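Undergrad: task: produce atomic coordinates for the following.
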Amino acid sequence: MPDTFPRTTDIPAQSPLFWVTHKDRYLRQLLIRDIEEVTGRELLVYFTDCDRSTATIDPADDTYLAELLNNRQKEPVDLLLETNGGYTDATEKICALLRKTAPDLRVIVPRRAKSNGTVIALCGKSVVMSSTSELGPIDPLVGGVPVDFILKAPPQTINPIQLQVALTALAQTKKLAKQLLSTGMMSAKLGDIDATIAKLASRDHFHSHGSVMDCSEALQLGLNVEEIDAKSELWRQIWLLRTMYSYDCGRNGHAKLFESNRLSTAVTVTPPTPAPAP
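TA: Reported below is the predicted structural model:
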């Protein structure tokens, strides 16, 4: 393969010091534009450093996504997503934002979109996956305990308030998933949605919250999956971009990056201050 990335001898328009400071971003955005040329779709990125950060989907994320969505230059839209999940309330807001502002949406999952990340993936008309991709169950946790465990525990062992919290958490997740699927990728299979959600939102089918749902299983559950060969040129570009985000986040201490071909916002999660020694 010829040495063609990047492909220009032009001097950057920015000052040298500014360009060098932000060169990682500029190189990523160059690759974003390459991918857009292949797909004909605008590519937005919501990347979380899942390996080195405890960052989750949180109530601030919609503002960063809104900036990307409101400044995009064309339709349709691809969202490259990597996250371990997070707050359901925040996920609801993100889903509402995506549905309102990006009606022709695909969600690309190069590596993982787990828990409420899978719920966000359900916003799309389809999910783009390959052999490296995984989704996961969407069963919520209450105090770190799966709601399925709480609901199936002997009555005398569960605090009544905890039981009510578990019931409402599960109802919220199932309601959101059903709304997304019935108006999106499963709108032509309405009779199958309840069965799909029952498998996604309990421990009857997936026995761990971290269980892996690959392309084949996602298809078996009725989700609309576009499977791309991992050796294809497009997926190699997508995987290279994802690898750049992972490396750059780790080197620069970023927990999340929100990016398009024009805009970029890095989020750093400040670690808690250790308690003073006695």
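Undergrad: give me the nearest residue to V128, chain neighbours excluded.
TA: Take V128 and drop its neighbours on the chain: the residue closest to it by Cβ to Cβ, 6 or more residues apart in numbering is I108, 4.3 Å away. C-beta here means a position set from N, CA and C on the backbone, and glycine is covered the same way.
Undergrad: and if you look at D194?
TA: Per Cβ to Cβ, 6+ apart, closest to D194 is K178, 7.5 Å.
Undergrad: just give me the neighbour total for D229.
TA: 11 (other Cβ atoms under 10 Å).
Undergrad: equivalent analysis for the one 3 residues further on, please.
TA: When counting by other Cβ under 10 Å, one arrives at 12 neighbours for S232.
Undergrad: before we move on, what about the one 4 residues further on?
TA: The local packing of R236 (other Cβ under 10 Å) involves 14 other residues.
Undergrad: can you pull the contacts of the closest residue to it other than its chain neighbours?
TA: Among residues not flanking R236 along the chain, A230 sits closest, at 7.9 Å (Cβ to Cβ, 6+ apart). Going by Cβ atoms under 8 Å, 6 or more residues apart in numbering, A230 touches S130, S131, T132, R236, W239.
Undergrad: about what we covered before: so which helix or strand takes in the residue nearest to D194?
TA: In the assignment (DSSP states H and E), K178 maps to helix 160-182.
Undergrad: for the chain, which residue is closest to the average position?
TA: With distances taken as Cα atoms, centre = their mean, the residue of the chain nearest its centroid is L81 (3.3 Å).
Undergrad: am I right that Q237 is in a helix?
TA: Yes - counting by DSSP: H, G, I helix; E, B strand; the rest coil, Q237 falls inside a helix.
Undergrad: if I pick K199, what's in contact with it?
TA: Contacts of K199 by Cβ under 8 Å, 6+ apart are H205, F206, L221.
Undergrad: quick one: the strands in the chain?
TA: 42-48, 77-82, 105-108, 126-129, 141-142, 145-146, 225-227, 256-259, 264-267 (DSSP state E).
Undergrad: quick one: low-confidence parts of the stretch 151-278 of the chain?
TA: Where the stretch 151-278 of the chain drops to pLDDT under 70, the residues are 270-278.
Undergrad: I'd assumed V107 was in contact with the residue nearest to the centre of the chain.
TA: Yes - between L81 and V107 there is a contact at 5.5 Å, judged by Cβ atoms under 8 Å.
Undergrad: so what's in contact with those two at the same time?
TA: Joint contacts of L81 and V107 (Cβ under 8 Å, 6+ apart) are A113, I120, A121.
Undergrad: any idea how far R251 lies from S260?
TA: The spacing between R251 and S260, counted by Cβ to Cβ, to the nearest Å, is 21 Å.
Undergrad: so these two - more neighbours on which side?
TA: A count of neighbours by other Cβ under 10 Å puts S260 above the other of R251 and S260, at 22 against 9.
Undergrad: quick check: phi and psi on the more buried one?
TA: Dihedral pair for S260: phi -140, psi -170, per degrees, to the nearest 10.
Undergrad: just give me the neighbour total for N84.
TA: Neighbours of N84 under the rule other Cβ under 10 Å: 21.
Undergrad: so who does it touch?
TA: N84 neighbours (Cβ under 8 Å, 6+ apart): T48, C50, T56, R112, K114, S115, G117.
Undergrad: go with 6 Å
TA: If you count contacts by Cβ atoms under 6 Å, 6 or more residues apart in numbering, N84 has them with C50, K114.
Undergrad: so what's it scoring on pLDDT?
TA: N84 carries a pLDDT value of 96.
Undergrad: so how far is S131 from it?
TA: 20 Å.
Undergrad: cool, Q237 as well?
TA: Distance from Q237 to S131, by Cβ to Cβ: 16 Å.
Undergrad: these two: which is more packed in?
TA: Neighbour count, other Cβ under 10 Å: between Q237 and S131, Q237 has more, with 18 against 13.
Undergrad: the nearest residue to that one once chain neighbours are set aside: how many residues sit nearby?
TA: Among residues not flanking Q237 along the chain, I35 sits closest, at 5.2 Å (Cβ to Cβ, 6+ apart). For I35, the number of neighbouring residues by other Cβ under 10 Å comes to 19.
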